[in-house]
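> mind folding the following:
(2 chains)
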Amino acid sequence: MLAIYKREMRSYFTTPLGYVFLSIFLAVSAAVFCFTTLFAMSSEVTTYFSTMMQCYVVLLPLLTMKLFSEEKKQKTEQLLLTAPVSTFSIVLGKFLAAYTVFASVTAFSTLYFLIVGVYGHVKVPILFGNLIAVLLVGLALIAVGIFISSITENQLSAAVATMALLFLLMFISLACQYISFYPVRFVLESLSLFYRFQYFTQGIFDFAGLFYYISVAALFLFLTVRVFDRRRWK
Amino acid sequence: MIRVENLTKRYGKHYALNDISFEIKEGEIVGLLGPNGAGKSTTMNILTGYLSATSGSACIDGINVLENPTEAKRKIGYLPEQPPLYHEMTVMEYLNFVYELKGCAFPREPHLAEIADVVKIRDVKDRLIGHLSKGYKQRVGIAAALVNAPPVLIFDEPTVGLDPQQIIEVRNLLRSLGRKHTIILSTHILPEVQAVCEKIIVIHHGHIIANEKTEDITREAESFDRFRLKICGPSSRDIRNALQTVNGVRHVEVLPGRDAESYAFLMECERGRDVRKPLFRLCADRDFAIIGLEPVGTDLEDIFVRLVEKAAKKEGKGARKK
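Have a look, this model is predicted:
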């Protein structure tokens, strides 16, 4: 697993992809920070993070699109699948690599709030609550992206399919506000990965939310493993 | 070392492999021979744990690939048809990655350097794999298969797409590896197995139609000599009938392709009996002019065709019995 993790990390930064991702991410986050916080003369943090979360719909597929589709295209997956390692550790290695890049740049961009801290007052628990929320949402979204990458043949279709799915999920979470019938709303809110983090943004550590996002990520990683096992048994 | 029993792989109604069994002893180099789509790659993919089997079993060094894939994979070095290379890595980075991936525990630097020497890629070790020529890529693929020092090496069409010089080099490499490893290689290039392998397993339509030592398979075919003849005479039938009266001639076939007045024939004679002198006399008596006579070597291609025909006949008989 470590070998795969290291290779993916290196691959992000020996190909343009990692740099493209980082620069787009930082540019977008800086712009969002300017508009939601600096220009608004606000020390409120939740708007920045919830806007960033919507940008993940476009940003995160860049990170996951090539993870498996490119292996398939270059036929290198045969090396991985005939090596004495389990399919799960292959999937986990790739997942952790993508997540490391995402988590580091997210943590880094949170430093923007130092500026606010110098000139105003930042509610630290709420800042950390929001940070945990985006990190958890990222966990689930990256797992979804990896799953889609494993069922597509090339990077572009993986990226487009992932964006489409994430956009649909985001749309569901927005539509939920207009549904008054509670059971339907509850189901839709649970399906949409963009809802269950709300408590964190209020500075409350929500174990149910934590458990929800970890389960969703685990489910999609499991499905990815099944994609490979199924292909083997077909 | 390798034991395959009643292995079957089915895709829907199509049998890619139909109940094949064979055994390979330690240190043997075995050629898996067959036309494209015969089931060579499927066999290899099952042995390496890349695909599962519908039924049957495959053991590497006593470990069942289907039950205990991770352990079995430790014993195998596999070079797929297209070497699985990451183009954005340098050769050494790639070998280091494979080393870690396979969880090896040798002294890393000298071990990888030794492998680089064996397959002769030392001079390109810091170059990007994407920039290498096809021959070098193939050798990097072979190096990757060797990294875990496996007792069994499985190579799927290792010389496809290489130039003649590179083919010779890869064959020499395979032969030298054969001293330390058990090797299976697949190919549809017939002289290749003759050049490298001690044993041949011929697969056709998912069945094994021959599993013999290379000498044995060629001996049968070499039990007679063959000549290609060009003779001028009145008609091809007359000449053919006359030729068949010569002592030692077993069979004469009229070949298509004739020019102005000569006919072409393929003649099979008993081995060790020189029919050329009596042939000359016969033709002189009858006023036929021999304008061409050349010996024809039997190649594996003929053998292959014959084996396939034999298998088809056997199958036909079997079906009738039922």
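
> does stretch B:67-86 reach chain A?
Yes. Stretch B:67-86 reaches chain A (C-beta under 8 Å from any C-beta of the partner chain) through B:Thr70, B:Glu71, B:Lys73, B:Arg74, B:Ile76, B:Tyr78, B:Pro80, B:Gln82, B:Pro84, B:Leu85, B:Tyr86. For the C-beta atoms, the positions are set from N, CA and C on the backbone; glycine is no exception.

> now do the buried residues in that stretch.
Buried residues in stretch B:67-86, defined by neighbour count with 16 or more other C-beta atoms under 10 Å in any protein chain shown: B:69, B:72-86.

> narrow these to those in helices?
B:Pro69, B:Ala72, B:Lys73, B:Arg74 (DSSP state H).

> ok, the second one - contacts?
So the one you mean is B:Ala72. B:Gly49, B:Cys59, B:Ile60, B:Asp61, B:Ile63, B:Asn64, B:Val65 (C-beta atoms under 8 Å, 6 or more residues apart in numbering or on different chains).

> the third one contacts B:Leu47, doesn't it?
Yes. Between B:Ile60 and B:Leu47 there is a contact at 7.0 Å, judged by C-beta atoms under 8 Å.

> rewinding a little: adding distance to B:Leu7 and pLDDT, write the residues of stretch B:67-86 next to chain A out as TSV.
Shown next, in TSV, are these (distance: C-beta to C-beta, whole Å; pLDDT from 0 to 100):
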residue	distance to B:Leu7	pLDDT
B:Thr70	20	89
B:Glu71	19	91
B:Lys73	17	92
B:Arg74	21	91
B:Ile76	16	93
B:Tyr78	17	94
B:Pro80	19	92
B:Gln82	24	90
B:Pro84	24	94
B:Leu85	29	94
B:Tyr86	32	93
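
> same question for stretch A:168-179, mean pLDDT?
Here stretch A:168-179 scores 88 as its mean pLDDT.

> and for stretch B:12-29?
Rounded mean pLDDT across stretch B:12-29 is 89.

> what residues does it touch?
Stretch B:12-29 is contacted from outside by B:1-10, B:30, B:39, B:42-43, B:46, B:53, B:56, B:151, B:174-175, B:178-179, B:181-185, B:196-199, B:201, B:203, B:205-208, B:211, using C-beta under 8 Å, 6+ apart.

> equivalent analysis for stretch A:117-133, please.
Outside of stretch A:117-133, the residues within contact range by C-beta under 8 Å, 6+ apart are A:43, A:45-46, A:48-49, A:53, A:106-107, A:110, A:113, A:116, A:197, A:199-205, A:209.

> from those, which land in helices?
Short answer: these in helices (DSSP H) are A:46, A:48-49, A:53, A:106-107, A:110, A:113, A:116, A:199-201, A:209.

> widest-spaced pair of these?
Within these, two members stand farthest from each other by C-beta to C-beta: A:Val116 and A:Gly209, at 25.3 Å.

> thinking again about what came up before, so which of the contacts of stretch B:12-29 belong to helices?
Going by DSSP H, the helices hold B:Thr42, B:Thr43, B:Ile46, B:Leu174, B:Arg175, B:Val196 from these.

> hmm, the second one is touching B:Gly206, no?
Yep, that's B:Thr43 we're talking about. No. If you go by C-beta under 8 Å, B:Thr43 and B:Gly206 don't touch, sitting 9.3 Å apart.

> which one of these two is surrounded by more residues?
Set B:Thr43 next to B:Gly206 and count neighbours by other C-beta atoms under 10 Å in any protein chain shown: B:Thr43 wins out with 30 against 22.
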